[in-house]
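Trainee: sequence first, predicted coordinates after that:
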2 protein chains.
Amino acid sequence: MLSTMQDVPLLVSRILRHGSTVHAASQITTWTGDGEPRRQSFGETGERAARFAHALRDELGVVRDDRIGTLMWNNAEHVEAYFAVPSMGAVLHTLNLRLPTDQLVWIINHAADRVIVVNGSLLPLLAPLLPSLESVDHVVVSGPGDTSVLEGCSQSVHDYEQLLEGRPTTYDWPELDERDAAAMCYTSGTTGDPKGVAFSHRSMYLHSMQVNMTQSMGLTDADTALPVVPMFHVNAWGLPHATFMTGVNMLMPDRFLQPGPLAEMIEAERPTYAAAVPTIWQGLLSELAEKPRDISSLGMVTIGGSACPPAMMRAFEDDYGVRVCHAWGMTETSPLGSFAHPPAGLSAEEEWPYRISQGRFPASVEARLAAPDGTFAPWDGESAGELEVRGPWVAQAYYGGADGEPLRPEDKFSPDGWLRTGDVGVITPNGYLTLTDRAKDVIKSGGEWISSVELENALMAHEAVAEAAVVAVPDEKWGERPLATVVLKEGADPVGYEELRAFLSERIARWQLPERWAIVPAVPKTSVGKFDKKVLRGQYAAGELDVTRL
Amino acid sequence: MLSTMQDVPLLVSRILRHGSTVHAASQITTWTGDGEPRRQSFGETGERAARFAHALRDELGVVRDDRIGTLMWNNAEHVEAYFAVPSMGAVLHTLNLRLPTDQLVWIINHAADRVIVVNGSLLPLLAPLLPSLESVDHVVVSGPGDTSVLEGCSQSVHDYEQLLEGRPTTYDWPELDERDAAAMCYTSGTTGDPKGVAFSHRSMYLHSMQVNMTQSMGLTDADTALPVVPMFHVNAWGLPHATFMTGVNMLMPDRFLQPGPLAEMIEAERPTYAAAVPTIWQGLLSELAEKPRDISSLGMVTIGGSACPPAMMRAFEDDYGVRVCHAWGMTETSPLGSFAHPPAGLSAEEEWPYRISQGRFPASVEARLAAPDGTFAPWDGESAGELEVRGPWVAQAYYGGADGEPLRPEDKFSPDGWLRTGDVGVITPNGYLTLTDRAKDVIKSGGEWISSVELENALMAHEAVAEAAVVAVPDEKWGERPLATVVLKEGADPVGYEELRAFLSERIARWQLPERWAIVPAVPKTSVGKFDKKVLRGQYAAGELDVTRL
């Protein structure tokens, strides 16, 4: 039986219209380093977004579904592009300015971006790429920069402010299908080509509502949010859209992401909320230890991207009165997957295990744990499995390129359409996720899983061990078994494998204990400093490690 | 360009699954009057909802789209029906137990309910109707009551608890279309037959998210909500669904809606939030004045259904420390239309005009004011128009009955599909709505609107006036002009029309002043005590009023 409700699509333009009228007075403040911050209301932002859309359509000839790349910092102009591009029916493609240039070129060509909007300060990064970009017709430069580097390029070059000048301050945003793509973002895994996720208007709208729910960030127009997380990292975790939905003010760091400027802008502009990855927060703590600043305006900070050391959480709380809240997500989950607000009614100490978990799933994110035996593991806080998720803001495929079918690699999407996250973890009966390992690093031993991370942490607790990396190696009887590679501390008392094994056996179930051991001078690392287990497995296979079997 | 996001429908069953697992420990407490309250966890509620769905399908033969009526108070079993019925693909039809019995019969027959679930205490109301119910095959009785009144009825009679006994505690909820009807509710206007609104899974899901956003009720699992508003009034304003989405505990008053028991349950169970219409709150204030109770647990109460006298808001705040928040909505808006949180950064006195308004629209509710001249009035806080709204939880039609097409009366729905609310008001530039009149009571004078309510309030401020009702009467020159009918206070100094007009002219624009005046012994009233302006207009047309023309 059909309902009698209106069939109104959930569109980014609706968020823009709302934010720029009902919350017209809310502010975007963009940090400028030494100078006065630039301040712009949501109302002005709406007008400028309309002007930009007119320019894109009338001057640059942008049509429905054209991809518009942005190579920009977190600033007011980037917010304008965030709203103008999807609202007019084009697709916003945020470019990660930290990627290797060959990956950037590959991604821009794969997405077939027609326009790139770039901050002037990033022209030295963009200019050398231009000859390799197959689809880009226009470069739009926002903010000061040396445009001489663009001389001789085949693309038309435009000044952002000149483009906006004199254009109408309203735009008749089209009524789109809510399942149309609104924005896209590439995720660069450690293997293979980068993968594009194309978010829909619907997914972004629902995600924005979730961000504003009490289970998540739950801010109001009395708040000022500081998204330190870049706007090219999964839409700055959805903050620009969510803030327009509820009138939350934004403090934008622009390119001033170093600990010093961050501490300064927090002290000066008094944001009540901030979001970033752990390394940023670690840097801020060190900065504050050296040169104290008042960061007491911050009621809560969300830490995501990777797990946050509990010591850092305690430092923020005990020394600065700032509540730290863990969140988990990935590009494929828009990114809000879980949020670590503890259940109500617990003491501070009882809350702790929940707060250091990856958090609780909201209603719109269904989760299950694919166990090694092909079943789904129960939510008992102990049974591990690969986390699979499903929901209206979770990806079901990767973008296949301008002419390609969507990509659905088997290791990323289950036959029934769930996203395979590649993370192994456990879930408590009340829906809190704790990730224990990456699926590719887990040791599949006789139909059971052994967490490499758990073994590594246990080994690194030994006083003689500097680093330890555990990888799966083939085993005739069990399929796979753990190989423990250990870096000993300089000057520590010599320690034997037997002693390390005995040390482990006090902490780890007997059947999980490694039989194969190797002392190594250093654990091979990736470019971002993570253990490179692929290399270790290769060294083992090639017989390059001096392995002792206990 | 298609997105790569999953196409996951927004379903009531998703809310149920989430609430009964992730928030399994949250509680529904049902008040029992003198005895111990009945306590049941969300986890148990999920199991009982599954049992009930099995019983409906296997024992009563309920199939997709069957309408299941409920004639019930706010209690745990009603919540079970709220989730079981839509989740299995049937349609929940909540019946307003305060309606005249002939309307109840008409509504049940129009909806073609196949089953009615009834609280035992309401059997005396239901039993006499049964012979007139054309479609009802089954009556399910929940809770104690005199079932002897059902003897001889043609329907099968079942005991709710016996139906549930021994059935599976899980149910494989079907994957429905999110636009399918989930629940329905009839609105009984003052004219014509009652009109049915059929909410969709999508509309209820989105509405639940909105309720949990900070702009609206914004509760967490640390809260306990007391829905005094009946579950047959637009789904208790969406609270049962919203609470399952975030684990908010519920305190259910059952049939104990009198001020005394309400004060008792608040003192005993310490809810942090409550929702009701103004008359309930007025009664509670009187009760507390007579016999003080501790209601300090209440952080916020939402008042909706009709405007709340500012004096009552101040009394709750000043005397009891309870923050009162106005909300506006109607059955056709699910009901959350606007919510009167003031903008941030104002003093308590500056907040006041916003707090006594009907509130601010959320992003998902678009609003416009249809002006008398056929244009749309600006949001300037002064220009009046009939409020029209649009959004994913706003109705676009009424249910046409089992075999009928949906009804789209012109006075209720605009040609482009917006809901005409029948309310006249103004909207501030920042999106706060103030309703000034009903559209049918407004005086349409020379292309401008005169508010009857404004004239009445101004007249009633005169010390000699007990009551005043202003209605539109035909006028050759202006189309319509106001007729002021006045009831004088007993014993007050005699007052002439000239003096009243002079009194008005200090408060009201000159062109709005009535030319036609009549002293009447009493203003005719409707059954619920509102001015019956239809009768007044009829009396004027029939020449029954002694009208003086100034």
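Mentor: Received the coordinates, thanks. Residues are numbered from 1 along each chain as shown, chains lettered A, B, ... in the order given.

Trainee: list the strands paired with the helix or strand bottoming out on mean pLDDT in chain A, with their directions.
Mentor: In chain A, no helix or strand scores lower on mean pLDDT, DSSP states H and E than strand A:448-450, which sits at a mean of 87. Under the criterion DSSP bridges, strand A:448-450 sits next to strand A:443-445 (antiparallel) in its sheet.

Trainee: can you tell me what sits against the strand it pairs with?
Mentor: Applying CB atoms under 8 Å, 6 or more residues apart in numbering or on different chains, the external contacts of strand A:443-445 come out as A:372, A:449-452, A:470-472, A:475, A:478-482, A:511-512. To be clear about C-beta, it is placed using only N, CA and C from the backbone, and glycine gets the same treatment.

Trainee: can we see that at 7 Å?
Mentor: Strand A:443-445 is contacted by residues A:Pro372, A:Trp449, A:Ile450, A:Ser452, A:Ala472, A:Trp478, A:Gly479, A:Glu480, A:Arg481, A:Pro482 when judged by CB atoms under 7 Å, 6 or more residues apart in numbering or on different chains.

Trainee: and those, which is closest to B:Ala315?
Mentor: Comparing these against B:Ala315 with CB to CB places A:Trp449 closest, at 61.9 Å.

Trainee: what residues does the stretch 251-400 of chain A put near chain B?
Mentor: Those residues of the stretch 251-400 of chain A that sit near chain B, judged by CB under 7 Å from any CB of the partner chain, are A:343-344, A:360-361, A:363, A:390-399.

Trainee: ok, 6 Å please
Mentor: Neighbours of chain B within the stretch 251-400 of chain A, by CB under 6 Å from any CB of the partner chain: A:Ala344, A:Ala363, A:Gly391, A:Pro392, A:Val394, A:Ala395, A:Gln396, A:Ala397, A:Tyr399.

Trainee: residue contacts, the third one?
Mentor: With contacts taken as CB atoms under 6 Å, 6 or more residues apart in numbering or on different chains, A:Gly391 has the following neighbours: A:Ser364, A:Val365, A:Glu366, B:Val8.

Trainee: now do it against B:Pro9, distance only.
Mentor: 11 Å (CB to CB, to the nearest Å).

Trainee: which stretches in the stretch 401-550 of chain A count as strands?
Mentor: For the stretch 401-550 of chain A, applying DSSP state E, counting those that start in this stretch gives strands covering A:419-427, A:432-438, A:443-445, A:448-450, A:465-475, A:479-488, A:516-519, A:548-549.

Trainee: redo those strands as a markdown table? Include mean neighbour count.
Mentor: Below are these laid out as a markdown table (neighbours: other CB atoms under 10 Å in any protein chain shown):
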| stretch | mean neighbour count |
| --- | --- |
| strand A:419-427 | 22 |
| strand A:432-438 | 21 |
| strand A:443-445 | 20 |
| strand A:448-450 | 21 |
| strand A:465-475 | 20 |
| strand A:479-488 | 22 |
| strand A:516-519 | 19 |
| strand A:548-549 | 11 |
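
Trainee: worst average pLDDT in these?
Mentor: In terms of average pLDDT, strand A:448-450 trails the rest of these, at a mean of 87.

Trainee: residues from the stretch 51-200 of chain A in reach of chain B?
Mentor: A:Asp65, A:Val91, A:Arg179, A:Ala181, A:Val197, A:Ala198, A:Ser200.

Trainee: hmm, 8 Å instead?
Mentor: A:Asp65, A:Val91, A:Arg179, A:Asp180, A:Ala181, A:Ala182, A:Gly196, A:Val197, A:Ala198, A:Phe199, A:Ser200 (CB under 8 Å from any CB of the partner chain).

Trainee: which residues touch A:Asn212?
Mentor: By CB under 8 Å, 6+ apart, the contact list for A:Asn212 reads A:Gly218, A:Leu219, A:Ala242, A:Met245, A:Thr246, B:Met213, B:Thr214, B:Gln215.

Trainee: ok so the first one is a helix residue?
Mentor: No - applying DSSP: H, G, I helix; E, B strand; the rest coil, one finds A:Gly218 to be coil, outside a helix.

Trainee: now for it, how many residues are close by?
Mentor: Look at A:Gly218: counted by other CB atoms under 10 Å in any protein chain shown, it has 21 neighbours.

Trainee: that one contacts B:Met217, doesn't it?
Mentor: No - counting by CB atoms under 8 Å, A:Gly218 stays clear of B:Met217, with 12.0 Å between them.

Trainee: now the common contact residues for these two.
Mentor: Residues touching both A:Gly218 and B:Met217 by CB under 8 Å, 6+ apart: none at all.

Trainee: which element is A:Asp318 on?
Mentor: helix A:310-320 (DSSP states H and E).

Trainee: hmm, who's touching that helix?
Mentor: Here helix A:310-320 makes contact (CB under 8 Å, 6+ apart) with A:278, A:281-282, A:285, A:288, A:295-296, A:298, A:301, A:303, A:322-324, A:326, A:352, A:355-356.

Trainee: those, buried ones only, as a ChimeraX selection?
Mentor: A single ChimeraX command is used to select the members of the contacts of helix A:310-320 judged buried by 16 or more other CB atoms under 10 Å in any protein chain shown:
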select /A:278,281,282,285,288,295,298,301,303,322,323,324,326,355,356
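
Trainee: okay, and which of the contacts of helix A:310-320 map to helices?
Mentor: Using DSSP state H, A:Pro278, A:Trp281, A:Gln282, A:Leu285, A:Leu288, A:Trp352, A:Arg355 are the members of the contacts of helix A:310-320 that sit in helices.

Trainee: let me know whether A:Thr101 touches A:Leu126 as I believe.
Mentor: No - using CB under 8 Å, A:Thr101 makes no contact with A:Leu126, being 9.5 Å away.

Trainee: in terms of neighbours, single out the busier of the two.
Mentor: Taking other CB under 10 Å, A:Thr101 and A:Leu126 do not tie; A:Leu126 has more neighbours (26 against 12).

Trainee: now that one, nearest residue through space, not along the chain?
Mentor: Spatially, and ignoring its direct neighbours in sequence, A:Leu126 is nearest to A:Val118 (5.1 Å; CB to CB, 6 or more residues apart in numbering or on different chains).

Trainee: what helix or strand is the one you found located in?
Mentor: Using DSSP H and E, A:Val118 falls within strand A:113-119.

Trainee: let me see the contact set for the closest residue to chain B within the stretch 401-550 of chain A.
Mentor: Residue of the stretch 401-550 of chain A nearest chain B, by CB to the nearest CB: A:Gly431 (3.4 Å). With contact set as CB under 8 Å, 6+ apart, A:Gly431 has these partners: A:Arg360, A:Phe361, A:Ala367, A:Trp379, B:Thr21, B:Val22.

Trainee: what's the local residue count around the nearest residue to A:Asp159 once chain neighbours are set aside?
Mentor: Nearest residue to A:Asp159, sequence neighbours excluded (CB to CB, 6+ apart): A:Val141, at 5.8 Å. Residues within reach of A:Val141, counting by other CB under 10 Å, total 23.

Trainee: can you check the one 4 residues further on too?
Mentor: A:Gly145 sits with 17 neighbouring residues when counted by other CB under 10 Å.

Trainee: now it: which helix or strand?
Mentor: Applying DSSP H and E, one finds A:Gly145 in no helix or strand.

Trainee: do I have it right that it meets A:Asn119?
Mentor: Yes - applying CB under 8 Å, one finds A:Gly145 in contact with A:Asn119, separated by 7.0 Å.
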